[in-house]
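K.L.:
Test case, fold it:
(one chain, ligands or ions: 1)
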Amino acid sequence: MSKQLKIGIIGGGGIAGAHVRAYRELNDVEIVAVADAVPGKAAQFINHWELSGARAFDDYRQLLELELDGVSICTPNVAHYQVTIDALRAGKNVMLEKPMSVTLEEAVEMAQTAEKTGYMLNVGFQPRYDPNMKLIQDLVQSGELGKVYYVETGGGRRRGMPGGTFIRKEIAGAGAIADIGCYSLDMALNALGYPKPLTVSAYSSNHFGTNAKFHPEANRFDVEDFGVAMVRFEGDLVLNFKISWAMHMDTLGPTLFLGTDAGLKVTPAGTGPWSGVFDGKVGSITMYHDIKGHHTESAIPLIAHNKNLFHEKIRDFVEAVRDGKPAPIPGELIVRNQAVIDGILRSSLLKREVEIHL
Ligand SMILES: NC(=O)c1ccc[n+]([C@@H]2O[C@H](COP(=O)([O-])OP(=O)(O)OC[C@H]3O[C@@H](n4cnc5c(N)ncnc54)[C@H](O)[C@@H]3O)[C@@H](O)[C@H]2O)c1
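P.N.:
Presented below is the predicted three-dimensional model:
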């Protein structure tokens, strides 16, 4: 029988439950401890999820004193930085919820700490586990599109604003741009091999979140619910990014890759006011190209699957820990995702173009 991997959970809120469900599917994993900053909440979480034998802590630093193979960090965004640094220094492999951090400086230090300590920093972008995401990456990297010079990504929800810890800057750090924007940026940038971003010119607003007509917690809403940006990358590539939690429109459009030989259009799966963003499965992939001078549209057949993307991300992390493999979605790479988000937030605050120094 293989060794039981010991896992701790830090932050016993909403998404931590999804982590528990996914770990439970795996035979060789045991959740041995939970920490939550709200006194008594970790014990309640253990009780609720019937994690018999697991120890509860109000201070995550006590949890980090245990012998653990890995920790899931499920705290709100502002705590990602310090908890990750402490976990890596305590010799724990980290499965970190998205977005990676609040600022670029934090992300850089987190990735450097992973490198220095030799422990894994894995960032949880579960849409990557739709096999069609890999198909998009393969198509973009196959050379079929020629030189890719322009990408458009993001998408938008007509009405899909979260509440609670997601809408306070002091806890979330940012709104829609980081919360769901990180996924679409990951989709496009990963397909392109994560090129280095150079400059950003961005705009953001929060006309919906701060209006009681649209949000029940309007009086405490202080992050952005909409953002657009023009991002330049090395290699003479430009990316047009658009994201919304709420708007008077059905869509902000699909993801487009324009190349000198062909173009690729990708739509997200799902319907309804919370859909329209790339936070889950792929809906369609179409290639636009010329065949003997004829404008041709080729529907790329999707790979059918019943994968639970969230469970796949946890399984991949566990397998990497167990087999001593590198982080499946390494913090070192996702620093570039955070660099773009950081640039967008800075530029929209300053209302001018900013440079990204990496
Ligand atoms: N991958 C996904 O699909 C997905 C979905 C939702 C949320 N998330 C991410 O997960 C994270 C948490 O979101 P959530 O919805 O579970 O939030 P939540 O507010 O429901 O839960 C967060 C928990 O962390 C605790 N906490 C805060 N600071 C802490 C600290 N320093 N130490 C220990 N515990 C602390 C809070 O008390 C709370 O119980 C966010 O970063 C969010 O972006 C990811």
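
K.L.:
these two touch, right, residue 63 and residue 72?
P.N.:
No - the pair residue 63 and residue 72 fails to qualify as a contact (C-beta atoms under 8 Å) at a distance of 11.2 Å. (Glycine included, C-beta is placed from N, CA and C.)

K.L.:
joint contacts of those two?
P.N.:
Residues touching both residue 63 and residue 72 (C-beta atoms under 8 Å, 6 or more residues apart in numbering): 8, 10.

K.L.:
In the stretch 1-150 of the chain, where is pLDDT below threshold?
P.N.:
In the predicted model of the stretch 1-150 of the chain, residues 1-2 satisfy pLDDT under 70.

K.L.:
So which residues of it form strands?
P.N.:
For the stretch 1-150 of the chain, strands defined by DSSP state E, counting those that start in this stretch occupy the ranges 5-10, 29-35, 55-57, 70-73, 93-97, 121-124, 148-156.

K.L.:
how far is the last one from where the chain is centred?
P.N.:
What that stands for is strand 148-156. The chain centre lies 17 Å from the centre of strand 148-156; the measure is C-alpha atoms, centre = their mean, to the nearest Å.

K.L.:
List of residues touching the host helix or strand of residue 232?
P.N.:
Using DSSP states H and E, residue 232 maps to strand 226-233. The contact list for strand 226-233 (C-beta under 8 Å, 6+ apart) reads 154, 156, 176-177, 181, 192, 195-208, 238-247, 340, 343-344, 347-348.

K.L.:
In helices, which of the residues you listed appear?
P.N.:
Counted as lying in helices by DSSP state H, out of these, are 176, 177, 181, 340, 343, 344, 347, 348.

K.L.:
Next, count neighbours for residue 84.
P.N.:
Residues lying near residue 84 (other C-beta atoms under 10 Å) number 29.

K.L.:
actually residue 159, not the one I typed
P.N.:
Other residues near residue 159 number 15, with proximity taken as other C-beta under 10 Å.

K.L.:
Just the buried ones out of the contacts of strand 226-233, please.
P.N.:
Buried positions within the contacts of strand 226-233, assessed by neighbour count (16 or more other C-beta atoms under 10 Å), are 154, 156, 176-177, 181, 192, 195, 197-198, 200-202, 204, 206, 208, 239, 241-247, 340, 343-344, 347-348.

K.L.:
Residue 145 and residue 256 touch, don't they?
P.N.:
No - contact criterion C-beta under 8 Å: residue 145 and residue 256 do not qualify, at 10.9 Å.

K.L.:
neighbour-wise, which of these two wins?
P.N.:
residue 145 (21 against 16).

K.L.:
The closest residue to that one other than its chain neighbours: what's it in contact with?
P.N.:
Leaving aside its chain neighbours, residue 145 sits nearest to residue 259 (2.9 Å; criterion: C-beta to C-beta, 6 or more residues apart in numbering). Shown in contact with residue 259 (C-beta under 8 Å, 6+ apart): 144, 145, 146, 147, 148, 149.

K.L.:
what does residue 354 give?
P.N.:
199, 200, 201, 343, 346, 347.

K.L.:
what's the closest non-adjacent residue to the fourth one?
P.N.:
Beyond its immediate neighbours in the sequence, the residue positioned closest to residue 343 (C-beta to C-beta, 6+ apart) is residue 200, lying 3.6 Å away.

K.L.:
Need the pLDDT of the one you found.
P.N.:
The model reports residue 200 with a pLDDT of 98.

K.L.:
Same question for the one 4 residues further on.
P.N.:
Confidence per residue is given as pLDDT, and for residue 204 that number is 98.

K.L.:
is it true that it touches residue 241?
P.N.:
No - using C-beta under 8 Å, residue 204 and residue 241 do not qualify as a contacting pair, with a distance of 11.0 Å.

K.L.:
Overlap in contacts, these two.
P.N.:
The contact sets of residue 204 and residue 241 overlap at 227, 228, 344 (C-beta under 8 Å, 6+ apart).

K.L.:
where along the stretch 1-150 of the chain do the helices fall?
P.N.:
Ranges of helices in the stretch 1-150 of the chain, per DSSP state H, counting those that start in this stretch, are 14-24, 41-48, 60-63, 80-89, 104-117, 131-141.

K.L.:
now the longest one against strand 93-97, angle please.
P.N.:
Interaxial angle, helix 104-117 versus strand 93-97 (axes from the mean of the first three to the mean of the last three C-alpha atoms, to 10 degrees): 160 degrees.

K.L.:
And the fourth one, by the same measure?
P.N.:
Orientation check (the same axes, to 10 degrees): helix 80-89 against strand 93-97 gives 170 degrees.

K.L.:
how about the residues of the stretch 51-200 of the chain near the ligand?
P.N.:
Residues of the stretch 51-200 of the chain lying close to the ligand (C-beta under 6 Å from any ligand atom) are 60, 74-77, 79, 83, 97-98, 124, 126, 164-165, 179.

K.L.:
between the residues you listed, which is closest to residue 48?
P.N.:
The shortest approach to residue 48 among these belongs to residue 74, at 14.3 Å (C-beta to C-beta).

K.L.:
Count the residues that sit near the closest one.
P.N.:
The burial count for residue 74: 26, using other C-beta under 10 Å.

K.L.:
Wait, it touches residue 11, no?
P.N.:
Yes - under the criterion of C-beta under 8 Å, residue 74 makes contact with residue 11 at 3.9 Å.
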